[in-house]
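A.B. asks: the sequence and its predicted three-dimensional model are supplied below.
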Amino acid sequence: MARYIARRLMWVLLVVILVTFLTFLIFFVIPPVDPAILFAGRAPSERLIEEVRQSLGLDHSFWVQYGLFVKRIFLGDEYGWPGFGLSFVTRSPIRENFLERAFVTMQLAIGAAVVWLILGVLIGLTSALKRGRWQDRASMGFALFGVSAPVFWLGLMALYIFWEKLHWLPGTGYSSFSEGVGQWFLHFLLPWVVLALLFAAFYARMVRGSLLEAFGQDWIRTARAKGLSERKVVYKHALRASLTPVVSLFGADLGTLLGGAIITETVFNLPGLGTYVVRSVQNGDLPVIMDVVVFASLAVAVMSLVADILYAYLDPRVRYS
Amino acid sequence: MIVAACGDDSAETTTTAAATSTTSGATTTTAAGETTTSAGTTGPQPGGTYRIETDGIAYTSGGDPSGEYLGISFGIFTNLLARTLLTYYHTGGANGNSLAPDLAVDFPEISDDGLTYTFTLKDGIMFGPPLSRPITSKDVEFAFRRMATESVVAQYEFYYDGLIDGMALSADLPDSIAGIETPDDKTIVFHLTKVSPDFVFLVAMPATSPMPEEVAGCFLQAGEYGRYVVSSGPYMYEGSDQLDASSCEALVASGPISGFDPENHSYFVRNPDYDPATDDPAVRANYVDRITIDLNTNVQDIYAKIRAGELEGAVSSGNPPADVLQAYATDPALAPLLKEGGDDRTWYITMNLTVPPFDDVHVRRAANLIMDKAGILQAWGGDISGVVATHIQPPGLSGLGADYDPYATEGHRGDLAAAMEEMKLSKYDTNGDGLCDAPECSGVVMINRTSSNWTASEPVVVNSLAQIGIQVAVQEAENHYTIIQTVANNIPIGMNPGWGKDYPDSSSFVGFLFDGRGIKAEGNYNYSMVGLSAEQAAELGVVFGPTVSVDADIDACKLAALESEQGGLDCWNALDMKMMEEIVPWIPYLWPNILTTIGPAVTSWDFDQFAGTTAFSKLAVDPSLQR
């Protein structure tokens, strides 16, 4: 297992390097806007443009720029390790802002993941156990709604109903844990639920399908024939087997969300990585874009690795060599 | 000599020692000069917090006053943080474009030859924490030296470069500038190399606000100073007093200021070292104790909060969404809370005089005659969005209003017959049928933006031009400005540009945009290439056609403005008319309004005509009405 993890970690590293290279190529070699002109004002002199180009480090060759970028990522910069660099827009270190935003996104993603896992598994389980009955139809109706409803619409509707009309929940914005657990929870409740609904719907359908498939397998019939209680058959055997694909998907989904949930963060005004990267793209803040891309790709790769390890735990048939 | 741009309509704003009135909407002015609101509260009272949210303030230099070059920053600095030798009244209308002494006791003494300006500073003006020391003329001089430092990337340094004797960009912080003298702590003298009546406006720009060398001198890379700004105004960033200014190292270790994060928030509190006696309440009223500006990525949510009373205002990257405008425009209870100010800006279609078929003045005139400007206005949201532009300079800058319209058509809908008559005179109408039918009339590249107002009005422009035979191939691009600002691209026509004044003088508008001496390969703003010389054309690799220059007119107008304010105004207006009738580089189509909404707790609000944004120093709230 240790060798497997080490090998997978090498792959993670390779993936991250490849992603950074491609992103660097896209944004630095063929940028949509020349950053030097962008940041030199609306009537810049050629000398000013050149000065900006130098100050942003854009006067070096592509390879030197890329080398400096990789160096700061892996070896750190004057602001710490790993090196996040300096924002083109604010001309201040990215590090503090990035970490604060990553923490907000992490709270959003993990909270939503808990909600969608609980909802998805419960609904999928109920639907499979009550196949053909009204509970099954209601569960699948929910799944259809969750899959179909756009997140931005759900978010706006949730705000309209629970904040603007009923005044049950606070509006948009971020309230940190230090400002009070209650406020923190209430501010995150709608974003968690809204973001989780889409995933919960997918997961419910997946759990239902996997469970129904498992119920038809010989080993489940054998378990029942051996006289195991229905509870044990369902929860210890069938559900455990049905969760293996869920775990794989969960790793990738959570990893993706850790890189920023752009729509949810935008609608609920959460200062996370999603809104950060959107603003950075609009402003041409290339170092921030690169940092978020590296972080996002790392998150996906690492979470996929964790999922694979969990997969081995849940399914003993899986062997790594 | 006193120079005040565009006249001084004091009737628009009434001021007492206690309160500054506002000019429109819910707030009305009583005979006593007090301000009332639709909420029924009489008179703005001091105190409270004015809460604002923004969908993103675009900083050009991380909040560094030397490098910030957008209206919102101009508004924040000149209202709250940065006093300058002269400043504006921070109100709407013509009075908002008028200058008032700020750091200076009075307007400058100007020498007879117009080349020397002497200012005397007021007593009792202090920097705020962490310095809390008197401001001297050397602090003003330092602002100019800092601007001349290349690494600071002061974005409008070009206005001063070469104008002030000895002022030029240098690799290092210059020890001095020959044309700036500070004979004592209260006096600063500027020696100019050429007559420039607009210099009084240049010393009202935020980059010229006093900067303490012991702090600002520690931050000579672009944008670094933004989070360490020491206030000279009535407010300061919250947390400024936590900085340790004993050394550059101590500053960095104790900073940045917690109350300003360009990616997140700006919190302003009162500057304890500001003495209201040194200021004019007509310039800054400073009612509220605190102003907060927070980022909110959800624009709809910002306006919903304002309506619900959870916020007092917005600083938005554009006007409120259409549904919000509709709600406020149609609901009598909300209508007083919709605020507008005329932006001294012209949105226009630019035509390149060096690229066919726009190298023919008859084509350019025909394009003006056919353009359905009413249709464009409709696409922008109708009358609430502004008024149809009929010439180069917005009315706030010139004596010319919408009455002057050399291409007047019924209802601004365009006149096909008149346009075809004009087109017949063009060499690109080969058969004299009033249509542009030469090969150059097809596939004409037109640059446009990707955002809604422009994409919505695009079909109107395309169809209008098609009626006279000009078939355009539209290219919508995020980097639209870069494309048309790069001369080598030879873009024939663009519907993306707009120009707003830097300061309320024609020299920053018609006198700036069409100066052929300013044409350059990249970052060029003279998109029509008016005044291109044969030498420039050869150097830039573009076709040198029968273009015309107004460089001499511009110089003449600057001289005329020195002789008399009215003389200058007349001269600039004549140049505007010449541009429209003889040279015809543009199809001006809109003088826009800036719109915003305010919350029910607001008891004083005003528009800042100079900055084109909220007058932050004129805000007041009734905390009991805040939710």
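C.D. replies: Yep, that arrived.

A.B. asks: tell me which parts of the stretch 1-150 of chain B are close to chain A?
C.D. replies: B:56, B:58-64, B:67, B:69, B:150 (C-beta under 8 Å from any C-beta of the partner chain). Every residue, glycine included, has its C-beta placed from N, CA and C.

A.B. asks: A:G83 belongs to a helix, doesn't it?
C.D. replies: No: A:G83 is assigned coil when assessed by DSSP: H, G, I helix; E, B strand; the rest coil, not a helix.

A.B. asks: mind listing what it touches?
C.D. replies: When contacts are counted by C-beta atoms under 8 Å, 6 or more residues apart in numbering or on different chains, A:G83 touches A:71-73, A:75-77.

A.B. asks: switch the cut-off to 10 Å
C.D. replies: Applying C-beta atoms under 10 Å, 6 or more residues apart in numbering or on different chains, one finds that A:G83 lies in contact with A:68-77, A:93-95, A:287, A:291.

A.B. asks: still on that earlier bit, and the residues of the stretch 1-150 of chain B next to chain A as a markdown table, adding neighbour count?
C.D. replies: A markdown table is the format used below for the residues of the stretch 1-150 of chain B next to chain A (neighbours: other C-beta atoms under 10 Å in any protein chain shown):
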| residue | neighbour count |
| --- | --- |
| B:G56 | 18 |
| B:A58 | 16 |
| B:Y59 | 22 |
| B:T60 | 22 |
| B:S61 | 28 |
| B:G62 | 24 |
| B:G63 | 30 |
| B:D64 | 30 |
| B:G67 | 30 |
| B:Y69 | 23 |
| B:E150 | 21 |
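
A.B. asks: ok, back up a step: just the contacts of A:G83 that are near chain B?
C.D. replies: A:93-94 (C-beta under 10 Å from any C-beta of the partner chain).

A.B. asks: and the contacts of A:G83, which are buried?
C.D. replies: Listed as buried from those are A:69-70, A:72-73, A:77, A:93-95, A:287, A:291; burial here means 16 or more other C-beta atoms under 10 Å in any protein chain shown.

A.B. asks: now, those residues that are in helices?
C.D. replies: A:69-70, A:72-73, A:95, A:287, A:291 (DSSP state H).

A.B. asks: interface residues of the stretch 201-321 of chain A facing chain B?
C.D. replies: Taking C-beta under 10 Å from any C-beta as the contact definition, the stretch 201-321 of chain A meets chain B at A:262, A:265-272, A:274-276, A:278-285, A:288.

A.B. asks: which ones among the residues you listed lie within strands?
C.D. replies: With strands defined by DSSP state E, no entry of these lies inside them.

A.B. asks: pull out the buried members of the residues you listed.
C.D. replies: Buried, going by 16+ other C-beta under 10 Å: A:262, A:265-272, A:274-276, A:278-281, A:283-285, A:288, out of these.

A.B. asks: pLDDT and distance to B:E141 added to the ones in helices among the buried ones among the contacts of A:G83, as a markdown table?
C.D. replies: Compiled in a markdown table, those are given as follows (pLDDT from 0 to 100; distance: C-beta to C-beta, whole Å):
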| residue | pLDDT | distance to B:E141 |
| --- | --- | --- |
| A:F69 | 85 | 40 |
| A:V70 | 84 | 44 |
| A:R72 | 86 | 38 |
| A:I73 | 84 | 43 |
| A:R95 | 90 | 36 |
| A:P287 | 87 | 35 |
| A:D291 | 90 | 40 |
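
A.B. asks: nearest to B:L85 among these?
C.D. replies: Taking C-beta to C-beta as the measure, B:L85 lies nearest A:P287 of these, at 37.4 Å.

A.B. asks: neighbours of the closest residue to that closest one other than its chain neighbours, how many?
C.D. replies: For A:P287, ignoring the flanking residues on the chain, the nearest one in space by C-beta to C-beta, 6 or more residues apart in numbering or on different chains is A:G85 at 4.2 Å. A count of nearby residues for A:G85, using other C-beta atoms under 10 Å in any protein chain shown, gives 23.

A.B. asks: A:G85 touches A:D77, doesn't it?
C.D. replies: Yes: between A:G85 and A:D77 a contact is recorded at 6.3 Å, counting by C-beta atoms under 10 Å.

A.B. asks: can you pull the residues that touch both of these two?
C.D. replies: A:68, A:93-95.

A.B. asks: just give me the residue right at the centre of chain A.
C.D. replies: Nearest to the mean C-alpha position of chain A, by C-alpha atoms, centre = their mean, lies A:L257 at 1.0 Å.

A.B. asks: using the three-state scheme, assign that residue.
C.D. replies: A:L257 is classified as helix under three-state DSSP.

A.B. asks: that one: what's it in contact with?
C.D. replies: A:105-106, A:108-110, A:112-113, A:195, A:199, A:264, A:272-274, A:296, A:299-300, A:303.

A.B. asks: equivalent analysis for B:S132, please.
C.D. replies: B:S132 neighbours (C-beta under 10 Å, 6+ apart): B:126, B:230, B:241, B:245, B:271-273.

A.B. asks: which regions of the chain sit below the pLDDT cut-off?
C.D. replies: You didn't pick a chain, so chain A it is. For chain A, the stretches with pLDDT under 70 are A:28-33, A:41-43, A:316-321.

A.B. asks: can you look at chain B instead?
C.D. replies: B:1-42, B:546-547.

A.B. asks: again, only using 50
C.D. replies: Along chain B, segments meeting pLDDT under 50 span B:1-41.

A.B. asks: most remote residue from the middle of it, which is it?
C.D. replies: Quick read of chain B (C-alpha atoms, centre = their mean): farthest out is B:N431, 45.7 Å.

A.B. asks: are we agreed that that one is in a strand?
C.D. replies: No: with three-state DSSP as the criterion, B:N431 is assigned coil and is not in a strand.

A.B. asks: could you find the closest non-adjacent residue to the closest residue to chain A within the stretch 1-150 of chain B?
C.D. replies: Of all residues in the stretch 1-150 of chain B, B:G62 sits closest to chain A, at 4.2 Å by C-beta to the nearest C-beta. Among residues not flanking B:G62 along the chain, B:G223 sits closest, at 3.1 Å (C-beta to C-beta, 6+ apart).

A.B. asks: what does B:A456 give?
C.D. replies: Per C-beta to C-beta, 6+ apart, closest to B:A456 is B:A379, 4.1 Å.

A.B. asks: so what's the residue count around B:R365?
C.D. replies: Neighbours around B:R365, by other C-beta under 10 Å: 24.

A.B. asks: an error on my part: the question was meant for B:L80.
C.D. replies: 22.

A.B. asks: on that earlier part again, between the shared contacts of A:G85 and A:D77, which sits nearest B:V487?
C.D. replies: A:L68 (31.9 Å).

A.B. asks: I figured that closest one hits A:D59, correct?
C.D. replies: No: between A:L68 and A:D59 there is no contact under C-beta under 10 Å: 12.0 Å.

A.B. asks: buried residues in stretch A:118-132?
C.D. replies: So stretch A:118-132, judged by 16+ other C-beta under 10 Å, has buried residues A:119-121, A:123-129.

A.B. asks: filter these down to just the ones in helices.
C.D. replies: A:119-121, A:123-129.

A.B. asks: quick check: end-to-end length of stretch B:405-418?
C.D. replies: 14 Å (C-alpha to C-alpha, to the nearest Å).

A.B. asks: list the buried ones in that stretch?
C.D. replies: Quick answer for stretch B:405-418 (16+ other C-beta under 10 Å): B:405, B:407, B:409, B:412, B:414-416, B:418.

A.B. asks: show me what contacts the residue of the stretch 201-350 of chain B found nearest chain A?
C.D. replies: Going by C-beta to the nearest C-beta, chain A is nearest to B:G223 of the stretch 201-350 of chain B, at 2.6 Å. Contact analysis of B:G223 by C-beta under 10 Å, 6+ apart lists A:39, A:55, A:86-92, B:59-64, B:66-68, B:152-153, B:262.
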